[in-house]
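Visitor: got a predicted structure plus its sequence, pasted below:
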Amino acid sequence: MTNYSSLSDKDFLTAFFKKASVREKHRRAKFLALSENITDRRLKNLFADFAAGCDKHLILLKIEMDNLNIK
């Protein structure tokens, strides 16, 4: 675990955005797996919508990371 109090603002933002990106990718994978494996059509669509929401979040995270020059 990272001790955020000792990081510079740039290092803190880098750690924050990278962790947020990894978590969103995991969340997306989980929702995709659920939508592919569930038989109830209503729930299948719900989880597919959740995965699509994660895609939008990942796009926003990438834009902000590019703006902050975080690779």
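Guide: Received, thanks.

Visitor: helices and strands around the longest helix along the chain, which ones?
Guide: Taking DSSP state H as the criterion, the chain has its longest helix at helix 9-37. Under the contact criterion of 3 or more Cβ pairs under 8 Å, 6 or more residues apart in numbering; DSSP states H and E, helix 9-37 touches helix 41-67. Heads up, the C-betas are built off the backbone N, CA and C, glycines and all.

Visitor: now the helix it packs on: buried residues?
Guide: F47, A48, F50, A51, C54, H57, L58, L61, M65 (16 or more other Cβ atoms under 10 Å).

Visitor: contacts only, for the most centrally placed residue in the chain.
Guide: In the chain, the residue lying closest to the centroid (Cα atoms, centre = their mean) is E24, at 1.7 Å. Neighbouring residues of E24 by Cβ atoms under 8 Å, 6 or more residues apart in numbering: C54, H57, L58, L61.

Visitor: make sure the third one is actually in contact with R27.
Guide: To tie it back to what came earlier, the one meant is L58. No. Counting by Cβ atoms under 8 Å, L58 does not reach R27; the two are 9.6 Å apart.

Visitor: how many other residues sit next to the closest residue in space to C54 that isn't next to it in sequence?
Guide: In this structure, C54 finds its nearest non-sequential neighbour in R28, 3.6 Å apart by Cβ to Cβ, 6 or more residues apart in numbering. R28 has 18 neighbours, counted by other Cβ atoms under 10 Å.
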